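In: predicted model, plus sequence, below.
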Amino acid sequence: MLLKEYNKGDIVFREGDRDSCMYRIIEGAVDVFITSKTEGEIVLTTLGQDRIFGEMAAIDAWPRSASIRVREDGTKLLEIERDELIDFFREDPYQVRSIMENLSHRLRGLTDDYLEVCATVRDMKSTVGQKRSEGLLRKISRFISAYSRTVRYLTTNEESSGIPLPGGKDVSGESSVNYRKNTVIFRQGDDGDCMYYIQLGSIGIYTDYGTDKEKQLVLLEEDAFFGEMGLIEKLPRSATAVVIEDDTVLRKITEEELEELFKTSPSLVVRCIEHLSRRLRRLTKDYLEACEMVTKMDEAEKTDTSLSYAEEALIRELADAAGRYDAWM
């Protein structure tokens, strides 16, 4: 870990850069911004003392999605390399919770945006050749702008190499339980106050479980996490979790156990953070692809051309994908 001092206007990193460190602001402030060919520079937010930024590149080695510019002279930043994350979290376990909350809030906000762009695609499809409301026109313009600003993300979002994790998978403990097939771990609508780590076996995540509308959203296997939103945000369960095979072993993780867990199995906690980061990356890519569809639909209407078969199929898939994201949160 290295403490660096910056002056006003200094660039810490630029969007698209590939490096593997995150930063904590010890003194001063920075601006987070992106650059658009059509709109110029857009400041997304300003971060002050004790805030962390750049954690996603450090956690899962993805290209930077925004640029960072120093806002004040004498700004001091602590630079933490990927292989120093464990030591950093060990010195300040609170930062584990802080980063998890940040990723969780971003996931929820982006999920809302994704659901809205999917609804916009549906509304565009149903109003072709008709006069559209001002509200729908504003949404179309908004999502076209979002796509034009961040289209490069779709070409740089390749598979990540991940971070080196210490230790093996020996994370057994009092909270590890062996389950039989078809056991319900929690039900849709239950209060959430913990998350689970799959040590062995598999878990199915369902909506409307046990009814004629039952649908499996995803199948999770060994070394995966689920239920994290219940732990982080104390929200009701948005889906039902069911054991798929006998001898499935789960470790239950409560908020009270997080700090102690980091002492006994730091690799597990880091994997959980990496899991959230990857979910956010995947959702970002899906969101931008939906924004791209809005752009293509708008262009096709203006030029009186037809969408390809693949594009028409994607429109049909968006509604189903939106339902999966809404419940899987």
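Out: Cool, got the structure. Since the structure is predicted, the reported quantities are computational estimates derived from the model, not experimental observations. Residues are numbered from 1 along each chain as shown.

In: could I get the full set of helices for the stretch 1-150 of the chain?
Out: 55-60, 85-91, 94-126, 134-150 (DSSP state H, counting those that start in this stretch).

In: of these, flag the one that's most buried.
Out: helix 55-60 (a mean of 24; mean count of other C-beta atoms under 10 Å). The way it works is simple: take the backbone N, C-alpha and C, and place the C-beta from them, glycine included.

In: in the chain, which helix or strand is least confident?
Out: helix 152-156 (a mean of 54; mean pLDDT, DSSP states H and E).

In: what is the burial count for residue 297?
Out: Neighbour count of residue 297, defined by other C-beta atoms under 10 Å: 20.

In: about what we covered before: any chance of TSV for the helices of the stretch 1-150 of the chain, columns mean pLDDT?
Out: As requested, these are exported to TSV (pLDDT from 0 to 100):
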stretch	mean pLDDT
helix 55-60	80
helix 85-91	80
helix 94-126	86
helix 134-150	88
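
In: so for residue 31, which of those sits nearest?
Out: helix 134-150 (16.2 Å; C-beta to C-beta).

In: and the closest one, C-alpha only, in CSV?
Out: Extracted C-alpha coordinates of helix 134-150, given in CSV (Å, rounded to 0.1, in the frame of the first residue of the first chain):
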residue,chain,number,x,y,z
GLU,A,134,-43.5,13.0,-24.1
GLY,A,135,-42.5,10.7,-21.3
LEU,A,136,-41.7,7.8,-23.7
LEU,A,137,-39.8,10.1,-26.0
ARG,A,138,-37.7,11.4,-23.1
LYS,A,139,-36.9,7.8,-22.1
ILE,A,140,-35.9,6.9,-25.6
SER,A,141,-33.6,9.9,-25.8
ARG,A,142,-32.1,9.0,-22.4
PHE,A,143,-31.3,5.4,-23.3
ILE,A,144,-29.9,6.4,-26.7
SER,A,145,-27.6,8.9,-24.9
ALA,A,146,-26.6,6.2,-22.3
TYR,A,147,-25.6,3.8,-25.1
SER,A,148,-23.6,6.5,-27.1
ARG,A,149,-21.7,7.5,-24.0
THR,A,150,-20.7,4.0,-22.9
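
In: pLDDT score for residue 203?
Out: pLDDT for residue 203: 96.

In: list the contacts of it.
Out: Contacts for residue 203 (C-beta atoms under 8 Å, 6 or more residues apart in numbering) come out as 185, 196, 219, 220, 224, 226, 241, 242, 243, 244, 248, 250.
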